[in-house]
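S.K.: Just a sequence and a predicted model for now, questions to come.
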2 protein chains.
Amino acid sequence: MENSGHIVKLYGAWGSPFVHRVIWALKLKGVEYEYIEEDLSNKSSSLLEYNPVHKEVPVLIHNGKPVVDSIVILEYIEETWPHLYPLLPADSYDRALARFWIDFGQQKRPTVHAFCGSSKENNEKTGEKMLETLNIIQDQALGDKKFFGGDSIGMVDLYFGWYVQWFPCFEQLAGLQVLNPSNLPKLHKWAMNFKEEPIIKETLYDSKKLLLHLEGIRKKRYMAAQARVL
Amino acid sequence: MENSGHIVKLYGAWGSPFVHRVIWALKLKGVEYEYIEEDLSNKSSSLLEYNPVHKEVPVLIHNGKPVVDSIVILEYIEETWPHLYPLLPADSYDRALARFWIDFGQQKRPTVHAFCGSSKENNEKTGEKMLETLNIIQDQALGDKKFFGGDSIGMVDLYFGWYVQWFPCFEQLAGLQVLNPSNLPKLHKWAMNFKEEPIIKETLYDSKKLLLHLEGIRKKRYMAAQARVL
């Protein structure tokens, strides 16, 4: 019991890209943790107690205390285990740049949500907006580097990492290919490189299963929205 | 010329709450800086060059390099001058909590924007939602502390600091008083305490002038929106 507070635990849910950011960070740093799968349709009392504000995963428990929200957790992991595989550059200015691009991604969430929610019937505008955003990320954040973090994966790579497996599923549902080699050659190459890193590769899902899962979530949301209208 | 790169410069605009966050941080830390006022209706080529993505203030120049976005700038200032008036707690867990509440504020921006844009004719729903959000901030982030940072002002105080002067203006425009002593006694007391801190007090605007300024911005936006419809 004395030691149990020192164990790292992660509350997650299958298919959540936000949880995956944290899984990648812990695995890259080699921090051992216990994973607890939450049923998001029937959330545990622990999750509600640990994250009373958002009631969502991921929640990281360290020394018995909860850290909430994937970006806040990434910063916490970096501060707690700074020397094991650094996720932020050493230089303050480069750290500010990394945080700027994560913030840029956060600010573009309405664009991302619109694209990820679009169907074959209404994909034109959402696809255009998404391509515009990805172009900025490719040209100004990535450039000619292998990873956003330079030669190795950093926090910005983990932030945008969901592009490599979740994004193609949403593209399929929207009936559009935005992140392809002709639209975005450098960002596409980054996605290929990221996927091939051993730590990342071993955590990826079966693509068909993930597609079905995301399709299922969309259907549930659609039905809930219909129920509110009726 | 050799030394000019080491001067701290701040590109700001009169009446911007985001710029004020940075002014407060620099003043609390006693970092000297040159302030450059931008005309947002006719942005300078320097601003566009330093912040090509958002084209907005604040931009902090340090050692000749631009740092952009108020929260990213606050983190940069804290990392660059950590020992002069710390803005984040020393303990990693407490730092994660501070970042969580800033992120919470960011996530609630749609609620804040809706409230700040509402008029006497359509204030009911926006007022309710705003009160709900402020209640969470009061009860879960502030509690019985004098400041979010404890006994002294910290980064979370600077983040929510615009409540003390900008928020009352938006309340007046919306014809509602949400952040009053009976609705939110603790948060109201915090606002009074924050305003009375010498560094904060000396930077506040003439309230009437600020109200007119914000009213002017709203009118301009309304006319631009009408022009798009016509």
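M.R.: Happy to help now that I have it.

S.K.: Give me the buried positions along whichever strand or helix holds residue A:209.
M.R.: Secondary structure assignment for residue A:209, by DSSP states H and E: helix A:207-229. Buried residues in helix A:207-229, counted by 16 or more other CB atoms under 10 Å in any protein chain shown: A:210-211, A:213-214. Bear in mind the C-beta positions are built from the backbone N, C-alpha and C, glycine included.

S.K.: need the residues you listed in CSV with distance to chain B and pLDDT, can you?
M.R.: Output for the buried residues of helix A:207-229, formatted as CSV (distance: CB to the nearest CB, whole Å; pLDDT from 0 to 100):
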residue, distance to chain B, pLDDT
A:210, 25, 97
A:211, 28, 97
A:213, 24, 96
A:214, 22, 95
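
S.K.: ok, of those, which one's closest to residue B:116?
M.R.: In terms of CB to CB, no member of the buried residues of helix A:207-229 lies closer to residue B:116 than residue A:214, at 34.7 Å.

S.K.: That closest one reaches residue A:173, doesn't it?
M.R.: Yes: here residue A:214 lies in contact with residue A:173, judged by CB atoms under 8 Å, at a distance of 7.0 Å.

S.K.: Is the host helix or strand of residue A:24 positioned near chain B?
M.R.: When elements are assigned from DSSP H and E, residue A:24 belongs to helix A:17-29. No: against chain B, helix A:17-29 shows no contacts by CB under 8 Å from any CB of the partner chain, the least distance being 12.4 Å.

S.K.: Can you point out the buried residues in whichever helix or strand comes after that helix?
M.R.: On the C-terminal side of helix A:17-29, the closest following helix or strand by DSSP H and E is strand A:34-37. Residues of strand A:34-37 classed as buried: residue A:36 (neighbour count, 16+ other CB under 10 Å).

S.K.: what does stretch A:38-51 give?
M.R.: Neighbour count says stretch A:38-51 has A:38, A:43, A:47, A:50-51 buried, by 16+ other CB under 10 Å.

S.K.: For the nearest residue to residue A:105 once chain neighbours are set aside, give its distance to chain B.
M.R.: Nearest residue to residue A:105, sequence neighbours excluded (CB to CB, 6 or more residues apart in numbering or on different chains): residue A:159, at 5.7 Å. For residue A:159, the distance to chain B (CB to the nearest CB, to the nearest Å) stands at 13 Å.

S.K.: Any idea how far the helix or strand hosting residue A:159 is from the middle of the chain?
M.R.: Per DSSP H and E: residue A:159 is located in helix A:155-160. Its chain's C-alpha centre and that of helix A:155-160 lie 8 Å apart, by CA atoms, centre = their mean, to the nearest Å.

S.K.: Please tell me I have it right and residue A:48 contacts residue A:55.
M.R.: Yes: with contacts counted by CB under 8 Å, residue A:48 reaches residue A:55, the gap being 5.8 Å.

S.K.: so what's residue A:139 up against?
M.R.: Neighbour list for residue A:139: residue A:186 [criterion: CB atoms under 8 Å, 6 or more residues apart in numbering or on different chains].

S.K.: can we see that at 7 Å?
M.R.: Shown in contact with residue A:139 (CB atoms under 7 Å, 6 or more residues apart in numbering or on different chains): no residues.

S.K.: likewise residue A:157?
M.R.: The contact partners of residue A:157, taken as CB under 7 Å, 6+ apart, are A:147-149, A:194.

S.K.: So which of the residues you listed is the closest to chain B?
M.R.: residue A:148 (14.8 Å; CB to the nearest CB).

S.K.: quick one, what contacts the closest one?
M.R.: A:101, A:141-142, A:154, A:156-157, A:160.

S.K.: Give me the nearest residue to it, chain neighbours excluded.
M.R.: Of all residues not flanking residue A:148 in the chain, residue A:156 sits nearest, at 3.7 Å (CB to CB, 6+ apart).

S.K.: Quick check, the one you found in contact with residue A:98.
M.R.: Yes: using CB atoms under 7 Å, residue A:156 is in contact with residue A:98, at 5.1 Å.

S.K.: With neighbour numbers in mind, choose between the two.
M.R.: Per other CB atoms under 10 Å in any protein chain shown, whichever of residue A:156 and residue A:98 has more neighbours is residue A:156, with 24 against 21.

S.K.: what's near enough to touch that one?
M.R.: With contact taken as CB under 7 Å, 6+ apart, residue A:156 is in contact with A:98, A:101-102, A:141, A:148-149.

S.K.: could the residues you listed go into CSV alongside secondary structure and pLDDT?
M.R.: Output for these, formatted as CSV (DSSP: H, G, I helix; E, B strand; the rest coil; pLDDT from 0 to 100):
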residue, secondary structure, pLDDT
A:98, helix, 98
A:101, helix, 98
A:102, helix, 98
A:141, helix, 97
A:148, coil, 98
A:149, coil, 92
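
S.K.: Please tabulate those residues in JSON lines, including the columns distance to residue A:71.
M.R.: Formatted as JSON lines, these follow (distance: CB to CB, whole Å):
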{"residue": "A:98", "distance to residue A:71": "11"}
{"residue": "A:101", "distance to residue A:71": "12"}
{"residue": "A:102", "distance to residue A:71": "6"}
{"residue": "A:141", "distance to residue A:71": "16"}
{"residue": "A:148", "distance to residue A:71": "14"}
{"residue": "A:149", "distance to residue A:71": "15"}
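
S.K.: tell me the domain ranges of chain A?
M.R.: Here chain A is described, according to automatic domain parsing, as comprising the domains A:4-80, A:92-201.

S.K.: Make a markdown table from those domains and add distance to residue B:224 to it.
M.R.: Formatted as a markdown table, the domains of chain A follow (distance: least, CB to CB, whole Å):
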| stretch | distance to residue B:224 |
| --- | --- |
| domain A:4-80 | 33 |
| domain A:92-201 | 20 |
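
S.K.: Quick check: which of these is nearest to residue B:188?
M.R.: Checked against CB to CB, the stretch from the domains of chain A lying closest is domain A:4-80, at 21.4 Å.

S.K.: tell me the mean pLDDT over the closest one?
M.R.: For domain A:4-80, mean pLDDT rounds to 95.

S.K.: Now residue A:182, what are its backbone angles?
M.R.: For residue A:182, the backbone dihedrals (degrees, to the nearest 10) come out as phi -80, psi -40.

S.K.: And residue A:67, by the same measure?
M.R.: Dihedral angles (degrees, to the nearest 10) for residue A:67: phi -120, psi 130.

S.K.: Tell me who's in contact with it.
M.R.: Applying CB under 7 Å, 6+ apart, we find residue A:67 in contact with A:60, A:73, A:76, B:96.

S.K.: all helices of chain A, in order?
M.R.: Along chain A, the segments classed as helices by DSSP state H run A:17-29, A:45-50, A:70-80, A:92-107, A:109-116, A:124-136, A:155-160, A:166-174, A:185-196, A:198-201, A:207-229.

S.K.: Which of the ones you listed has the highest mean neighbour count?
M.R.: helix A:155-160 (a mean of 24; mean count of other CB atoms under 10 Å in any protein chain shown).

S.K.: Stretch A:61-71: end-to-end distance?
M.R.: Start-to-end span of stretch A:61-71 (CA to CA, to the nearest Å) is 15 Å.

S.K.: buried sites along it?
M.R.: By 16+ other CB under 10 Å, the buried positions in stretch A:61-71 come out as A:61-62, A:66-71.
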